[in-house]
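>>> Sequence and predicted structure, then a few things I'm wondering about:
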Amino acid sequence: MTLRVFDVQNPLDKICTLKPAQTPNIDKLMPTINWSGGDFGIEDNFVAQVLGNVTVPAAGTYTFRLTSDDGSRLSVADQLVINHDGLHGATAKEGAVNLAAGIHALRIDHFERGGGQALTLEWRVPCASSFTVVPNSALSTDAGVVRVTAPGRKEVRERRRQPGRRAAADQRCAPTTPRPTCVPAPSSPRSPAWTHPGGNGPDQTFGRSTAPISSWAAKPVGPSWIDGRPASRSPTASTGRSRRPVNAESSTGSPSPRAGRPRRPT
């Protein structure tokens, strides 16, 4: 089996994905998967990949047992068989898979943060009663593998936060936007349920206003309807000049220019 070790030099808490096109610090051929101590070549804060094939003599259900310190993950024939991820000591986890007779791809992803080191792969073949370390006769590596190593720290991909989710601290510190409030109008046959303070238009009178508070907070608050009729505003207060009455005589007694023609007697 091929063992590749990448020195990430940063503490991990789960199996991570390495950035592509990186050369491992260690790349060597191992007869079996039963390692501890200095077999990895690096003591702490590393990621290991075990690549190769497993040959099963007959079709059936094969149960594997993976022991690791810290997390590990086993895939056989492109199927995830055991997920033993996370921070923990040298503990074992089992998983079964149905395999046809022949050669199948095998891969183990493993990481070590600190403390002890361990990685062991055992199996229980059909009709067997106990587990044994997968023998060298059942393991192989693809021919023509080129082994190249390079020193230095290796980089991992950053974990992306799921859309729509934020950390609890971010939620507590998130700024809040003030919302406009509504003032209930006096009850009348034509009064709406809510009215925008100081507004007479349909958008302000009916429904709820969406205008920011600063746009109307300085306006006087009052009912938009009085005695079943719209409340009028003083012309001088809004425009600074008075309006001439329509269809009425001016102060001099002469008809207003806007007044209509006198009716012809019938």
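Yep, that arrived. Numbering: from 1, shown residues only.

>>> which residues of this protein fall in helices?
With helices called from DSSP state H, the chain shows them at 168-173, 202-205, 213-216, 235-238.

>>> which stretch in those helices has the least confidence?
Among these, helix 168-173 has the lowest mean pLDDT, at a mean of 37.

>>> Below-threshold pLDDT in this protein: ranges please.
Low-confidence segments of the chain (pLDDT under 70): 159-266.

>>> Start and end of stretch 113-126, how far apart?
Start-to-end span of stretch 113-126 (CA to CA, to the nearest Å) is 35 Å.

>>> can you check stretch 92-112 too?
Start and end residues of stretch 92-112 are separated by 15 Å (CA to CA).

>>> Go through it and flag the buried ones.
The neighbour-count check on stretch 92-112 (16 or more other CB atoms under 10 Å) flags 93, 95, 97, 99, 104, 106-112 as buried. (C-beta placed from N, C-alpha, C; glycine too.)

>>> same check, this time on stretch 130-143
Within stretch 130-143, the residues scored as buried using 16+ other CB under 10 Å are 131, 134, 138-139.

>>> As CSV, those residues with distance to G52 would be great.
As requested, the buried residues of stretch 130-143 are arranged in CSV below (distance: CB to CB, whole Å):
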residue, distance to G52
F131, 19
V134, 10
A138, 10
L139, 6
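
>>> what sits against I26?
Contact analysis of I26 by CB atoms under 8 Å, 6 or more residues apart in numbering lists 3-5, 40-42, 149.

>>> Just the buried residues out of those residues, in PyMOL syntax.
What follows is the PyMOL syntax selecting those of the contacts of I26 that are buried according to 16+ other CB under 10 Å:
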select buried, resi 3+4+5+40+41+42
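
>>> got the contacts of I26 as JSON lines, with distance to A48 columns?
Below are these laid out as JSON lines (distance: CB to CB, whole Å):
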{"residue": "L3", "distance to A48": "7"}
{"residue": "R4", "distance to A48": "7"}
{"residue": "V5", "distance to A48": "5"}
{"residue": "F40", "distance to A48": "6"}
{"residue": "G41", "distance to A48": "10"}
{"residue": "I42", "distance to A48": "9"}
{"residue": "T149", "distance to A48": "14"}
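
>>> for the contacts of I26, which one is nearest A59?
L3 (29.0 Å; CB to CB).

>>> so that closest one touches A48, yeah?
Yes: in this structure L3 lies within contact range of A48 using CB atoms under 8 Å: 6.6 Å.

>>> so what sits against both of these two?
Residues touching both L3 and A48 (CB under 8 Å, 6+ apart) are F40.

>>> rewinding a little: in strands, which of the buried residues of stretch 130-143 appear?
Among the buried residues of stretch 130-143, the members falling in strands (DSSP state E) are L139.

>>> Pick out whichever of the buried residues of stretch 130-143 sits closest to Q9.
Comparing those against Q9 with CB to CB places L139 closest, at 30.1 Å.

>>> quick one on the thing from earlier: narrow the contacts of I26 to those in strands?
Taking DSSP E as the definition of strands, these contribute 3-5.

>>> From what I see, L106 and D78 are in contact.
No: between L106 and D78 no contact is recorded; they are 10.2 Å apart, counting by CB under 8 Å.

>>> What about the nearest residue to A150 once chain neighbours are set aside, how many residues nearby?
With sequence-adjacent residues excluded and distances taken as CB to CB, 6 or more residues apart in numbering, A150 is closest to T23, at 4.0 Å. Counted with other CB atoms under 10 Å, the neighbours of T23 add up to 13.

>>> what sits against T23?
Going by CB under 8 Å, 6+ apart, T23 touches 148-150.

>>> could the residues you listed go into CSV alongside distance to H88?
Below are the contacts of T23 laid out as CSV (distance: CB to CB, whole Å):
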residue, distance to H88
V148, 32
T149, 29
A150, 30
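
>>> can you give me the strands in the stretch 51-200 of the chain?
With strands called from DSSP state E, counting those that start in this stretch, the stretch 51-200 of the chain shows them at 60-69, 72-76, 79-84, 91-99, 102-112, 118-124, 132-133, 139-140, 183-184, 194-195.

>>> Could you work out which of these reaches nearest to N10?
strand 102-112 (10.8 Å).
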